[in-house]
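# return atomic coordinates for the entry below.
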Amino acid sequence: MRAKNTCGHVEKNAMPKELPKKDKNPFRLTSRSALDIINSLSAHIAILNRNGTILATNKAWADFAKANKIRMRPDTVNVNYLEICDRDLSDSAENAGEVSEGIRALIEKKIDEFAIEYPCHSSHEKRWFYMRATRLSDSGQLRIVISHENITALKKAEEELRTQQMELNFQKQNLEETNTALKVLLKQRENDKHELEENLVSNVKELILPYLDKLHHAKLDSREKTCLDIIESHLNEIVSPLLRKLSSKYLNLTPQEIQVASLVKGGKTTKEISQILFISENTVNFHRKRIRGKLGLKKKDTNLRSFLLSLEEQ
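Have a look, this model is predicted:
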């Protein structure tokens, strides 16, 4: 035999025999109005005696029993509710055992109230109920009032809210990861742009200016000199904004100190810098010393090239 869980009623073929008709309904409401009140409630209500026997139920209780095709009188009067819980073999047997223990604790006056949420799924839908049991006040004999309220809509709303919260958290995480990735890309773009500017300045100074300087010392006619001046002017227009950026990066370095610093950072030796800029090695060393001073490296055992490279990472 298979018993229903604690849905407030019992499943077919799971009920103990009814008590004798003489105990049909020993619990009497004091007035017709009181009966009308409990019958108007949506909760499924039953009243038990100290033995756990059902003395009375309301209309909602009986309607639920009819809907679930209980094989006995729908109000289940004179059925022992505790025996139903004890014999529950369904998937909610653990809840039924907890309900049985809670009602017995109420009867023994160990607690004043017992409440529990439990599943009560049918073959065609998932349902949840909230059960509350208390002792009836102002009663000559001990009576236990049990109510079962259908909270399926509330449970589904809670589940939907949890699902939405999980989706929001997932979207938030994706946005944070996207934002982090964009910051990395923007930083890399800025670094690439700066590196491109520096390479342009360096290439102009290393690959073009030396030849322009040689042309200045060559025997050119007026037309050739004019073309050379135009080329040099346009190059200065291209390079000057970038040199100004380097000047702000390298504090108050002079244009030639910036040239030397850029070549040092590029790994050029003193001799190579001398040849590129057409200045003596002593002049290069002089500029290196002044650069170290302006960068605060006078008394520090720090490699100038390493320090200049570190500035690009800041």
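# low pLDDT regions in the stretch 201-314 of the chain?
Applying pLDDT under 70 to the stretch 201-314 of the chain flags the ranges 237, 239-251, 299-300, 312-314.
# now the helices for it?
In the stretch 201-314 of the chain, the helices defined using DSSP state H, counting those that start in this stretch lie at 209-216, 222-249, 255-265, 270-277, 281-294, 304-311.
# can these go into JSON lines with extra columns for mean neighbour count?
For glycine as for every other residue, the C-beta is placed from the backbone atoms N, C-alpha and C. As requested, those are exported to JSON lines (neighbours: other C-beta atoms under 10 Å):
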{"stretch": "helix 209-216", "mean neighbour count": "13"}
{"stretch": "helix 222-249", "mean neighbour count": "13"}
{"stretch": "helix 255-265", "mean neighbour count": "21"}
{"stretch": "helix 270-277", "mean neighbour count": "17"}
{"stretch": "helix 281-294", "mean neighbour count": "16"}
{"stretch": "helix 304-311", "mean neighbour count": "14"}
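# for those, which one sits closest to residue 126?
Closest to residue 126 of these, according to C-beta to C-beta: helix 304-311, at 64.1 Å.
# who's in contact with that closest one?
Applying C-beta atoms under 8 Å, 6 or more residues apart in numbering, the contact partners of helix 304-311 are 249-250, 261, 264-265, 267, 288, 291-292, 295, 297.
# please repeat the previous calculation with a cut-off of 7 Å.
With C-beta atoms under 7 Å, 6 or more residues apart in numbering as the test, helix 304-311 has contacts from 249, 261, 264-265, 267, 288, 291-292, 295, 297.
# how long is stretch 43-62 end to end?
11 Å (C-alpha to C-alpha, to the nearest Å).
# likewise for stretch 255-273?
14 Å.
# starting at the chain centroid, how far to that stretch?
Distance, stretch centre to chain centre, for stretch 255-273: 51 Å (C-alpha atoms, centre = their mean, to the nearest Å).
# ok, stretch 123-137 next?
Chain-centre distance of stretch 123-137: 34 Å, with C-alpha atoms, centre = their mean.
# list the buried residues of it.
Using 16 or more other C-beta atoms under 10 Å as the test for burial, stretch 123-137 gives 128-131, 133-135.
# one more: stretch 143-156?
143-151, 155.
# what residues does it touch?
With contact meaning C-beta under 7 Å, 6+ apart, stretch 143-156 is reached by 7-8, 27, 43-49, 103, 106-107, 117, 127-136.
# where do the strands sit along the stretch 101-250 of the chain?
Taking DSSP state E, counting those that start in this stretch to define them, one finds strands in the stretch 101-250 of the chain at 113-119, 128-135, 144-150.
# okay, these in CSV with distance to residue 66 and mean pLDDT next?
Formatted as CSV, these follow (distance: least, C-beta to C-beta, whole Å; pLDDT from 0 to 100):
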stretch, distance to residue 66, mean pLDDT
strand 113-119, 21, 91
strand 128-135, 17, 92
strand 144-150, 15, 92
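# got those strands as a markdown table, with distance to residue 219 columns?
Below are those laid out as a markdown table (distance: least, C-beta to C-beta, whole Å):
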| stretch | distance to residue 219 |
| --- | --- |
| strand 113-119 | 102 |
| strand 128-135 | 101 |
| strand 144-150 | 106 |
